[in-house]
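Visitor: starting from these lines, generate the structure:
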Amino acid sequence: MNVWEDEAARAAVVAMGRRRLLVAGMLTEACVSFTVLSALADGYDVFVVADACGGLTPSSHDYALRRMHSAGARITWIQVLLELQRDWTRKEAYDGARAIGEANGGGYGIGLAYARDMIKPSISPAPL
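Guide: A predicted model of the protein is given here:
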């Protein structure tokens, strides 16, 4: 229930040399939270992609997220999306990232839709 206690899995993460982890999975209350709390204890910067996790009940999922957050984990999904996109000039992922933001990003998604529909590059008039 705690992948951080599996020596091979933990060694693979350590060998990558990265100190920032994205964690998601099933059973937020155990598998996700135990791994996150252990990685935090080892000094890792941990992001829990809450929308990609599942708990036994909505309440127990929420309480597990709160527990991880209080221990120092960042609970997010939009930050992960934006870090993967990096900036909106990265065309190869633009349509997919924008669509996710529009569908799930509340006010931010509305802003993305506005930018898509209303802010157009200026077009030079045809020469006379």
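
Visitor: can you give me the strands for this structure?
Guide: 20-23, 45-49, 74-76 (DSSP state E).

Visitor: in TSV, list the ones you listed along with mean neighbour count and distance to A30.
Guide: Any C-beta I mention is one placed from the backbone N, CA and C, and that applies to glycine too. Formatted as TSV, these follow (neighbours: other C-beta atoms under 10 Å; distance: least, C-beta to C-beta, whole Å):
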stretch	mean neighbour count	distance to A30
strand 20-23	16	13
strand 45-49	20	14
strand 74-76	16	17
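
Visitor: among those, which is nearest D117?
Guide: Nearest of these to D117, taken as C-beta to C-beta: strand 74-76 at 26.6 Å.

Visitor: which elements pack onto that closest one?
Guide: Judged by 3 or more C-beta pairs under 8 Å, 6 or more residues apart in numbering; DSSP states H and E, the packing partners of strand 74-76 are strand 45-49, helix 58-71.

Visitor: restricting to C-alpha, output the lowest-mean-pLDDT helix or strand in the chain in CSV.
Guide: Across the helices and strands of the chain, mean pLDDT, DSSP states H and E gives its lowest value to helix 78-85, namely a mean of 82. Extracted in CSV, the C-alpha atoms of helix 78-85 (Å, rounded to 0.1, in the frame of the first residue of the first chain):
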residue,chain,number,x,y,z
ILE,A,78,-4.3,22.8,-13.1
GLN,A,79,-0.7,23.5,-12.0
VAL,A,80,0.3,20.1,-13.4
LEU,A,81,-1.4,20.9,-16.7
LEU,A,82,0.3,24.3,-16.9
GLU,A,83,3.7,23.0,-16.0
LEU,A,84,3.4,20.3,-18.7
GLN,A,85,2.2,22.9,-21.3
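
Visitor: which outside residues touch that helix?
Guide: Residues from elsewhere that reach helix 78-85 (C-beta atoms under 8 Å, 6 or more residues apart in numbering): 22, 47, 49, 93-94, 97, 100-101, 104-105, 108.

Visitor: having no further points to raise, I will conclude here.
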